[in-house]
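Novice: let me see the structure of the following:
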Amino acid sequence: MTASSRMQAGLGWSGDEQQAIALLAQRLQVRTWLVGGRDDELIEAVHRHLPALRRLLARVGCTMTVEPDLVRVHKTAGLRCGRIRQGASPEGMWLWLTAAVLESMPSKAKLGQVVAAARAAAAEVEIPVTQSRAELHALHAGLRMLCDRGVLEEADGRIEALLEGQEDPPVLLRVHHTRLLHLLPRDVAVDEHGQWLADPADDAQGWLEQLTKPGDPGVRVCAMLADQAVVHACDLDPEERHWISVRLASDGGAVAEAFGLRLEHRTEGAAFVMPEEALTAGGLLGPFRFPHRQRNGAGTVRHAALLLIDCLTAEGERDGTMAPGPGWCGAPAAVVVNRLGEMAARHAGWAAEYRTQPARLADHVRGLLEQADLLRVTDGYEVWWWLSPAAARWTVVADQPVSPSPGSRLEETL
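Specialist: Numbering: from 1, shown residues only. Here you go, the predicted model:
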């Protein structure tokens with residue numbers, strides 16, 4: 001009996017159930033909120049396969065809240081990941097400010113009421129309210145995230161009316177108060193006074209680290225593999241590295257197969273890999289594609305990122321003293337900016353704003369690569385850029401971006 005067969009037997013699956021559960025589990029890793037009226041077909045499928053689905057998701061540290069009109073997947077929080085943002089994003093800040101005021105709102109409220117209350121909450125905690133265009137877009141993004149989670153529902157009109165500059169847009173929102181309870185991660189540690197041990201606004205990393213994590217190192221590793229495109233060995237603790245060395249091939253491979261994926265393990269780390277047939281069918285297992293298009297200068301940042309990967313892989317210092325782990329290639333930030341400037345001089349088709357400002361281009365390339373966890377930047381006497389070994393999957397031929405060979409979940413997830 002194979003490891004996958006043993007796992008299926010332990011989960012109580014029938015052969016016909018396997019593919020349906022794998023596809024559902026894949027979707028729930030990306031769409032952790034399913035709400036009635038929008039996701040009825042998926043919610044019905046979750047109810048149909050609920051016992052087996054719960055057992056599979058438990059193997060990657062997930063629990064589920066399942067109601068007639070809501071499915072909420074709670075992922076394991078606080079696991080190490082190089083992609084943790086430093087500081088709160090503007091849209092995330094407005095999401096939490098709005099969520100805080102919704103508790104006292106009636107079940108139906110005008111968009112203008114919600115916006116005014118959120119701005120008042122910001123002023124109360126001494127967050128400057130400028131009503132600038134950038135702030136308006138961040139506020140809109142926070143509201144849209146609450147709508148995506150089913151906490152807010154557009155009963156009449158669309159929240160995009162907020163961007164049209166009207167003081168009181170004719171938009172009516174429905175507030176689902178009970179769903180507010182599902183926004184926070186579970187098992188948040190508090191002191192004897194009921195206060196959080198760390199403030200996520202001041203110390204996001206510390207707040208994540210104090211959350212309760214699974215005691216089983218295998219569950220922790222599989223949770224990272226299911227949630228991240230690649231798990232770098234340098235991010236693991238000794239217990240997790242030991243589990244990878246002795247149990248990953250059998251237990252981790254079984255979990256990957258149960259998700260309809262396959263395991264890839266190298267010295268530098270591991271990944272759950274999407275099979276080629278899923279890629280050709282247009283499957284997506286993550287929040288964005290790498291490399292992906294940008295709104296402004298659509299192809300420039302994407303192309304520059306691919307060229308920089310090729311440059312650092314070929315010329316960068318490998319395994320330097322400041323490198324995050326084995327196999328990482330690095331170069332000083334100043335050298336990176338110079339290289340991007342040289343590339344810009346050769347590519348007349350790049351956006352003019354980037355061709356004349358290589359430092360600005362470097363900043364946007366950094367954002368793209370960090371979002372994909374292909375880049376770590378270290379500070380010290382000199383700022384260095386370190387490229388992940390996983391970036392070697394992308395190559396550039398004749399100074400033109402070429403799609404990597406199919407089969408990797410990285411290609412779709414990053």
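Novice: which intervals of the stretch 51-200 of the chain have sub-threshold pLDDT?
Specialist: 77-88, 186-200 (pLDDT under 70).
Novice: let me see the ranges of the helices in it.
Specialist: 90-102, 111-124, 133-148 (DSSP state H, counting those that start in this stretch).
Novice: and these, which is most packed in?
Specialist: Mean neighbour count, computed with mean count of other Cβ atoms under 10 Å, is highest for helix 90-102 among the helices of the stretch 51-200 of the chain, reaching a mean of 20. Glycine gets a C-beta too; all of them are placed from N, C-alpha and C.
Novice: got the contact list for stretch 90-99?
Specialist: 114, 117-118, 121-122, 127, 134-135, 138-139, 141-143, 145-146, 151, 180, 183, 201 (Cβ atoms under 8 Å, 6 or more residues apart in numbering).
Novice: now do the SS call for Glu264.
Specialist: Following DSSP: H, G, I helix; E, B strand; the rest coil, Glu264 is assigned to strand.
Novice: ok, it touching Ala270?
Specialist: Yes - in this structure, Glu264 is within contact of Ala270 by Cβ atoms under 8 Å, at 6.5 Å.
Novice: would you format the helices of the stretch 51-200 of the chain as CSV with distance to Met64 included?
Specialist: What follows is these, written out as CSV (distance: least, Cβ to Cβ, whole Å):
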stretch, distance to Met64
helix 90-102, 21
helix 111-124, 29
helix 133-148, 18
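Novice: out of those, flag the one nearest Arg220.
Specialist: Closest to Arg220 of those, according to Cβ to Cβ: helix 90-102, at 24.7 Å.
Novice: and that closest one, C-alpha only, in PDB?
Specialist: Extracted as PDB, the C-alpha positions of helix 90-102 are listed here (Å, rounded to 0.1, in the frame of the first residue of the first chain):
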ATOM      1  CA  PRO A  90      -3.000  51.200   4.300                       C
ATOM      2  CA  GLU A  91      -5.800  48.900   3.100                       C
ATOM      3  CA  GLY A  92      -5.300  46.600   6.000                       C
ATOM      4  CA  MET A  93      -5.400  49.500   8.500                       C
ATOM      5  CA  TRP A  94      -8.800  50.600   7.000                       C
ATOM      6  CA  LEU A  95     -10.200  47.100   7.100                       C
ATOM      7  CA  TRP A  96      -9.500  46.900  10.800                       C
ATOM      8  CA  LEU A  97     -10.700  50.400  11.600                       C
ATOM      9  CA  THR A  98     -13.900  49.700   9.700                       C
ATOM     10  CA  ALA A  99     -14.400  46.300  11.300                       C
ATOM     11  CA  ALA A 100     -14.100  47.900  14.800                       C
ATOM     12  CA  VAL A 101     -16.900  50.400  14.100                       C
ATOM     13  CA  LEU A 102     -19.200  47.900  12.300                       C
END
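Novice: tell me how many other residues crowd Ser89.
Specialist: Ser89: 13 surrounding residues under other Cβ atoms under 10 Å.
Novice: excluding its backbone neighbours, what's nearest it?
Specialist: Ranked by Cβ to Cβ, 6 or more residues apart in numbering and with sequence neighbours excluded, the top spatial neighbour of Ser89 is Ala138, at 8.0 Å.
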